[in-house]
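Student: Predicted model and sequence follow; I will ask about them next.
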Amino acid sequence: MHPVSFSILTHLDRLSIELARWEDRGGMGIVMLDPAYKYMAGSKSSQLFDMGAVLTPLQIACYDAKAALLVGHHYNRREGASRLERFSGAGLLEWARFIISLDSKKIDPNNVVTTFEITGNSVEDNMIRVQRTMRALDETANPELSYEIQVLGEGEEAREAKFMKTGDRLMRLLPAADADPASVRRLHMQIVVDGGQHLQESTMRSALNKLAGDGLAKNHATSGNEGRWSKTV
């Protein structure tokens, strides 16, 4: 761990020395540089040739130590752009053998759903969706925490859930006619878990009303109460 000033441009020999120290312990398995901008100060991230001059010596140092190299980066703010278009700067995307992107949605203070998308020239494309649940183990001001990871979907299962239409997604989640109906808020939370996608409640209500008009869904709301929905069969 290097929480102190460290530059690939001027201090790469420090990394090589540290990697060499681990040789008698079986070697270093992986070197993670995260975030990239903290350790690449002095290079121009928008210039392809600058990034090549920085990344190539780093890659060679790790290769000589038989260590895999993982460089952490960040998305730009272009909401709505494709995943690959949102990787900031130049060089990292072209240089990497494979790309792992993380997109997280918070369901509530204790639960986060993260979608991992993996692409590259040395691995098969894949998508994995996981839910992380965090719980306090006591009621003190600084409690010990527990973490639980649940895989929600992988491969085609995760990809189909991400791109499913709102009506199809709701039909997948609506309780059966003989089960307790679900509120729009509960359905919204399930949609985040099921598809990792944010939807406005107004969009969901429109889709539910259309399903009701098609005879597929029923609203069990009573006067003055929030709508509660189920399938008709």
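Tutor: Great, that's in hand. Numbers count the residues shown, from 1 in each chain.
Student: any idea of the mean pLDDT in stretch 13-27?
Tutor: Stretch 13-27 carries an average pLDDT of 89.
Student: For that stretch, list every residue counted as buried.
Tutor: 15-16, 19 (16 or more other Cβ atoms under 10 Å). Quick note: C-beta positions are derived from backbone N, CA and C, even for glycine.
Student: And these, which is closest to residue 61?
Tutor: residue 16 (5.0 Å; Cβ to Cβ).
Student: Now that closest one: closest residue in space that isn't a chain neighbour?
Tutor: Leaving aside its sequence neighbours, residue 16 sits nearest to residue 61 (Cβ to Cβ, 6 or more residues apart in numbering; 5.0 Å).
Student: Okay, buried residues for the host helix or strand of the one you found please.
Tutor: Assigned by DSSP states H and E, residue 61 belongs to helix 48-64. By 16+ other Cβ under 10 Å, the buried positions in helix 48-64 come out as 50-51, 54-55, 58, 61-62.
Student: what helices or strands is it leaning on?
Tutor: Counting contacts by 3 or more Cβ pairs under 8 Å, 6 or more residues apart in numbering; DSSP states H and E, helix 48-64 is packed against helix 8-21, strand 68-71, helix 92-95.
Student: could the ones you listed go into a markdown table alongside distance to residue 208?
Tutor: Formatted as a markdown table, the helices and strands packed on helix 48-64 follow (distance: least, Cβ to Cβ, whole Å):
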| stretch | distance to residue 208 |
| --- | --- |
| helix 8-21 | 53 |
| strand 68-71 | 43 |
| helix 92-95 | 40 |
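Student: out of those, nearest to residue 138?
Tutor: Per Cβ to Cβ, nearest to residue 138 of the helices and strands packed on helix 48-64: strand 68-71, 34.5 Å.
Student: next structured bit after the helix or strand of the chain with the lowest mean pLDDT?
Tutor: The helix or strand of the chain with the lowest confidence, counting by mean pLDDT, DSSP states H and E, is helix 156-163 at a mean of 72. Counting by DSSP H and E, the next helix or strand C-terminal to helix 156-163 is helix 166-173.
Student: Packing partners of that following helix?
Tutor: In terms of contacts (3+ Cβ pairs under 8 Å, 6+ apart), helix 166-173 is packed against helix 184-195, helix 201-213.
Student: pLDDT weak spots in the chain?
Tutor: 1-4, 79-80, 161-164, 192-199, 222-226 (pLDDT under 70).
Student: Mind splitting it into its structural domains?
Tutor: Each domain of the chain is listed here as a residue range: 1-96, 164-231, per automatic domain parsing.
Student: Take those domains and write them to JSON lines, including distance to residue 121.
Tutor: Shown next, in JSON lines, are the domains of the chain (distance: least, Cβ to Cβ, whole Å):
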{"stretch": "domain 1-96", "distance to residue 121": "9"}
{"stretch": "domain 164-231", "distance to residue 121": "26"}
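Student: out of the ones you listed, which comes closest to residue 127?
Tutor: domain 164-231 (9.7 Å).
Student: what separates that closest one from the chain centre, distance-wise?
Tutor: Distance, stretch centre to chain centre, for domain 164-231: 25 Å (Cα atoms, centre = their mean, to the nearest Å).
Student: With stretch 45-55 instead?
Tutor: With Cα atoms, centre = their mean, you get 26 Å for stretch 45-55.
Student: To residue 155, which of the domains of the chain lies closest?
Tutor: Closest among these, using Cβ to Cβ: domain 164-231, at 14.6 Å.
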